[in-house]
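*Asks:* Sharing a model prediction with you, sequence too.
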Amino acid sequence: MTEHDIANLLDQAAAARERAYAPYSHFPVGAAVLTNSGEVYTGCNVENASYGATCCAERVALFKAISEGHKEIRAIAVVAAGEEVVPPCGICRQVMIELAPQAVVAMANLEGKREIQRVAELLPSPFGGGYL
Ligand code: THU
């Protein structure tokens, strides 16, 4: 992952944030996923009047990549407004550890404040298919 890759991925996540469907929380989030083969898939949060049916931006982007046949995910970018960067929710971390265990997660706010962590750092001691 070069600095250029990360900056580009964060830019695409910021653009995806503009397409968020967030009429309930008014908290738009954008995400972008970089595959090992170099493709980028974006996502935004998509809410629902039945709140639990909401899907976070990260999962939308990841599911797009996986459903297009990509199995290796190199990086995930997340952009939201706020003083601090927004870390992925617990459900997204669980999905990431299964579908993108090697990935780095780049989080940024709109002012360009950034933080980068590995998926494995965001979800220590994960539950996985090995227990089933
Ligand atoms: N949300 C995301 O899309 N990603 C995150 O990392 C945190 C939360 C969304 C879900 C919901 O639409 C809104 O933000 C408020 O929780």
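*Replies:* On my side now, so go ahead. This is a predicted model, so every value here is computed, not measured. Numbering: from 1, shown residues only.
*Asks:* For the protein, just list every one of the helices.
*Replies:* Taking DSSP state H as the criterion, the chain carries its helices at 3-17, 57-67, 90-99, 119-122.
*Asks:* Just say which of those is most tucked in.
*Replies:* The highest mean neighbour count among the helices of the chain, using mean count of other C-beta atoms under 10 Å, belongs to helix 57-67: a mean of 22. All C-beta spots, glycine's among them, are computed from the backbone N, C-alpha and C.
*Asks:* Please work out the average pLDDT along that one.
*Replies:* Here helix 57-67 scores 98 as its mean pLDDT.
*Asks:* For that helix, which outside residues touch it?
*Replies:* Helix 57-67 has contacts (C-beta atoms under 8 Å, 6 or more residues apart in numbering) with 13, 16-17, 20, 29-33, 35, 39, 41-46, 73, 76, 78, 88, 91-92, 95-96, 99-100.
*Asks:* now stretch 62-78, how far from the centre of its chain.
*Replies:* Relative to its chain's centre, stretch 62-78 lies at 9 Å (C-alpha atoms, centre = their mean, to the nearest Å).
*Asks:* same question but for stretch 85-105, I mixed them up
*Replies:* Chain-centre distance of stretch 85-105: 7 Å, with C-alpha atoms, centre = their mean.
*Asks:* And the average pLDDT for it is what?
*Replies:* Regarding stretch 85-105, the rounded mean pLDDT is 98.
*Asks:* Is it positioned near the ligand?
*Replies:* Yes - residues of stretch 85-105 are located near the ligand by C-beta under 6 Å from any ligand atom, namely 86, 88-89, 92.
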